[in-house]
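**Student:** Fold the following, please.
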Amino acid sequence: MSASKHVAFALLISAAAVLPCAASAAGDVAFGLALAQSWCAACHVVGPKVAGGDGGPPFAAIAARSNLSPGAMRAWLTEPHPPMPNLNLSNQQIDDITAYLDSLRKR
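**Tutor:** Reported below is the predicted structural model:
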């Protein structure tokens, strides 16, 4: 193999290694819903057909806030803030819940 083919092959392998990381960073809507049902439903209504508590705003109302971008939601979930408990969410869990909330937005 020529040197240029070696370089092209190495670049292709490097790109393939990075792609799964980029995809997982986007968050998974289904996992976000499952997390919300497990951890958030005691205080929030997390979905249209999911029973939940009334201690916090429904997720649909949160998603409807025009000033709450996905980045702002990530920041909100990253830091503990009363009255919400500190859930110690991982970055991936935050991305998943953010993706689920974003999926509830009316487009």
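**Student:** Helices along the protein, start to end?
**Tutor:** Taking DSSP state H as the criterion, the chain carries its helices at 3-25, 29-35, 59-64, 70-78, 91-103.
**Student:** Could you list every helix and strand in contact with the fourth one?
**Tutor:** Counting by 3 or more Cβ pairs under 8 Å, 6 or more residues apart in numbering; DSSP states H and E, the packing neighbours recorded for helix 70-78 are helix 91-103. No exception for glycine: its C-beta is placed from N, CA and C like everyone else's.
**Student:** From the contact counts, what lies against the helix it packs on?
**Tutor:** With contacts defined as 3+ Cβ pairs under 8 Å, 6+ apart, the secondary structure elements packing on helix 91-103 are helix 3-25, helix 29-35, helix 59-64, helix 70-78.
**Student:** Show me where the protein dips below the pLDDT cut-off.
**Tutor:** Per-residue confidence for the chain (pLDDT under 70) gives these ranges: 1-25, 107.
**Student:** Please repeat the previous calculation with a cut-off of 90.
**Tutor:** Across the chain, the ranges flagged by pLDDT under 90 are 1-26, 47-56, 66-70, 76-88, 105-107.
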